[in-house]
Every structure is written in structure tokens, then in C-alpha cells.
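Engineer: compute the structure for the input listed below.
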Amino acid sequence: MYCPSCGKSASMDQRFCKSCGFGLQVVSDLMTGRMEGSQFIPTTVGPGDSLEPRRRILERLGIGIFGVAGLTVLGAVIGGVVKGIIIEKGQVWSGIGIIAVLLGIVVGAGLLGYAEYLKRWKTQLRAERTSISQRTPATARLPHESEVDTRASVTEHTTEFLVSSGLRTSGRDEEASRE
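Structural biologist: Presented below is the predicted three-dimensional model:
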């Protein structure tokens, strides 16, 4: 069998992938028939890859479908009010009043839903920022001079060696010779 996360070869009795650490027990159980696919409901697709983006897409799709269905029903009700009250009975002001109340209810409900959405989005954004700030250590201070390694670098020794062996002249000698 192969690891579904990284594609490396793995034996059926391995519990984890030796390459990426992905848990292979469920995959092995599915392949040997010890577990049916309906018993397995994944919470993650791979290491660190959650189903959260898919949930958000489905949530937005559901909101869109609900909104379109609600507008369709609202259109049918308004059409019924226009036809039944305004056209057939001739009560224009009553019909306009009913339509205004219906539109007020719909707009109010939409604003309440939008406010709730913004509140959830803001809470989620704060949680993500907190998570990022906890993972990233802050730089408290610059190190003191006594804490810094002041030994010469490899490059300095190499330059000194080249200059002393005559393979390279120092930069100051080159500048003097140009003048």
C-alpha cells in the first residue's frame, strides 16, 4: 500500500508512515476489509489539512440557496398581494402597506443575520490572530555585547590567508594602485 499523504510505499502492518508520520491504521483497516467506508468519517485529509475550508464553502452555499429560496417566496407573496389586493380589490394603499411591512421584516431579518455573521467572523479573526501571536515568539531585547560571539568569521580567515599567500591583494592595496 502507499501513504495517501505523501505517496511513499508502506507495509500493511505499519501504523504510521515512516516518511511523513501520517496515521496508516485506518487506511490499512479499510484495505483489509476490517472497516467499511461508512464507518470512517475523516476529520482531516492529511497532516495539518483540516476540513474547515470545505465547511466554510458549504456554509456559504447553504446561505446562498436559503437566500434565493427566501427571495422566491417573498416574490410570490408580493405578487399575490399585488394581484389579490391591489389589482382585484382596488385597495392600493392597503396593498402597498402590506408590501412595506413584508419588506421591512425581510430587511430586518437580513440585517440581523448579517450582524451575526460579522460577529462570528470577528471572533474567528481574533482567534486566528491570537493563535499566530502565540506561535510567534516576540523579540524581547537585543543581546548584550557580552552575549554575542565576537570571533572572526570563516570569511575573514580565508581573506587573511589569501592576502598572506599572495593569491589576492587586500582591497586597500587595489584602491591605492588605482590612484
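Engineer: do a quick rundown of the helices in the protein.
Structural biologist: Assigned by DSSP state H, the helices in the chain fall at 25-32, 52-81, 92-135, 154-164, 171-178.
Engineer: now mean neighbour count too, for the ones you listed, in JSON lines please.
Structural biologist: Using the backbone N, CA and C atoms, a C-beta is placed for each residue, glycine as well. Formatted as JSON lines, these follow (neighbours: other CB atoms under 10 Å):
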{"stretch": "helix 25-32", "mean neighbour count": "15"}
{"stretch": "helix 52-81", "mean neighbour count": "11"}
{"stretch": "helix 92-135", "mean neighbour count": "11"}
{"stretch": "helix 154-164", "mean neighbour count": "11"}
{"stretch": "helix 171-178", "mean neighbour count": "9"}
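Engineer: in CSV, list these along with mean pLDDT and distance to residue 1.
Structural biologist: Shown next, in CSV, are those (pLDDT from 0 to 100; distance: least, CB to CB, whole Å):
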stretch, mean pLDDT, distance to residue 1
helix 25-32, 74, 6
helix 52-81, 87, 25
helix 92-135, 85, 34
helix 154-164, 68, 47
helix 171-178, 52, 61
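Engineer: so which of the ones you listed is nearest residue 146?
Structural biologist: Relative to residue 146, the nearest member of the helices of the chain by CB to CB is helix 154-164, separated by 21.0 Å.
Engineer: could the helices of the chain be laid out in JSON lines, adding distance to residue 3?
Structural biologist: As requested, the helices of the chain are exported to JSON lines (distance: least, CB to CB, whole Å):
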{"stretch": "helix 25-32", "distance to residue 3": "8"}
{"stretch": "helix 52-81", "distance to residue 3": "22"}
{"stretch": "helix 92-135", "distance to residue 3": "27"}
{"stretch": "helix 154-164", "distance to residue 3": "41"}
{"stretch": "helix 171-178", "distance to residue 3": "54"}
